[in-house]
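A.B. asks: Here is my input, please return the structure:
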Amino acid sequence: MNTLMFQYASQAQQTAGLFGNHLGDKGVCTLLNGLADLQGQTVGQRTLELWSGDAQGMDAPLLPRETSRDSTALHTHITQAFVLLELDLGGNGVSSEGLRVLSSYLRCHSQLKYLGLAKTNVADISAWENLFDSLTTNVLLTHIILDECHLGDQGVELFANMLRYNQSLTKIDLDYNSVGDRGGNAIIEALFGRRCRLLSHLSLEGNNISVALINKIQQEIQLNLPNNY
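C.D. replies: Next comes the predicted model:
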């Protein structure tokens, strides 16, 4: 993980494509701690809530404030502000604990424009609610991937409630989430209430939404697209 942090520190803007690396909750927590530190915030200065007593028997922060020789070397290599714009954590076996840590990162440190969470399918609904709540007032994230996350109607209703208030998201992928018309109706209601920030892309493939409702959703998106799309 230190090697990865050195690589990120060498450039000002970064993309972290980590899909399918089997990081698990512990790896994701360590990664996000390191990213927060690189972005000029030490773990002790801001509340990132990275206590993980429920994850793998740990009862302390996964990455305490660093005082090691590696930490000193890392900070001497940072010559300009680090900004992470794209992060893909899909297919990493992240569960509820990892999502809660990610929620804290999004609230306190994130400058992400793209977030990939495909196949994050073992988290409970309260963890998803926490994540979506962290995006309600986010003004930077424009694209989120949530394919194959087992959200179901309940999870998509929570997502739609966030979407109603979020003012940055324009591209959304929700394929294969066992969503029916209940979730589909929540999405279209969110679209109706979100006139000031319109979507350019919404994918709902592989769900159980009726053809009529899918057509209605896509029609609503197409009707409101700028002429240059």
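
A.B. asks: Helix, strand or coil: sort out residue 148 for me.
C.D. replies: Put simply, residue 148 is coil when judged by DSSP: H, G, I helix; E, B strand; the rest coil.

A.B. asks: Report whether the expected contact of it with residue 176 is present.
C.D. replies: Yes: using C-beta atoms under 8 Å, residue 148 is in contact with residue 176, at 4.7 Å. Where you see a C-beta, it was placed from the backbone N, CA and C, and this is true even at glycine.

A.B. asks: residue contacts, residue 151?
C.D. replies: 128, 159, 174, 177-179, 183 (C-beta atoms under 8 Å, 6 or more residues apart in numbering).

A.B. asks: Can I get those residues in JSON lines including neighbour count?
C.D. replies: Shown next, in JSON lines, are the contacts of residue 151 (neighbours: other C-beta atoms under 10 Å):
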{"residue": "128", "neighbour count": "25"}
{"residue": "159", "neighbour count": "28"}
{"residue": "174", "neighbour count": "26"}
{"residue": "177", "neighbour count": "24"}
{"residue": "178", "neighbour count": "16"}
{"residue": "179", "neighbour count": "25"}
{"residue": "183", "neighbour count": "26"}
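
A.B. asks: so what's the residue nearest to residue 121 when sequence neighbours are not counted up against?
C.D. replies: Using C-beta to C-beta, 6 or more residues apart in numbering and skipping residues adjacent in sequence, the residue nearest residue 121 is residue 150, 4.4 Å away. Counting by C-beta under 8 Å, 6+ apart, residue 150 touches 121, 177-178.

A.B. asks: What residues of the strand or helix carrying residue 133 count as buried?
C.D. replies: Assigned by DSSP states H and E, residue 133 falls within helix 125-135. Buried residues in helix 125-135, counted by 16 or more other C-beta atoms under 10 Å: 127-132, 134-135.

A.B. asks: and if you look at stretch 138-145?
C.D. replies: Residues of stretch 138-145 classed as buried by neighbour count (16+ other C-beta under 10 Å): 138, 141-145.

A.B. asks: Could you point out which of the residues you listed is nearest to residue 34?
C.D. replies: residue 141 (20.3 Å; C-beta to C-beta).

A.B. asks: wouldn't that closest one be in contact with residue 169 here?
C.D. replies: Yes: using C-beta under 8 Å, residue 141 is in contact with residue 169, at 6.2 Å.
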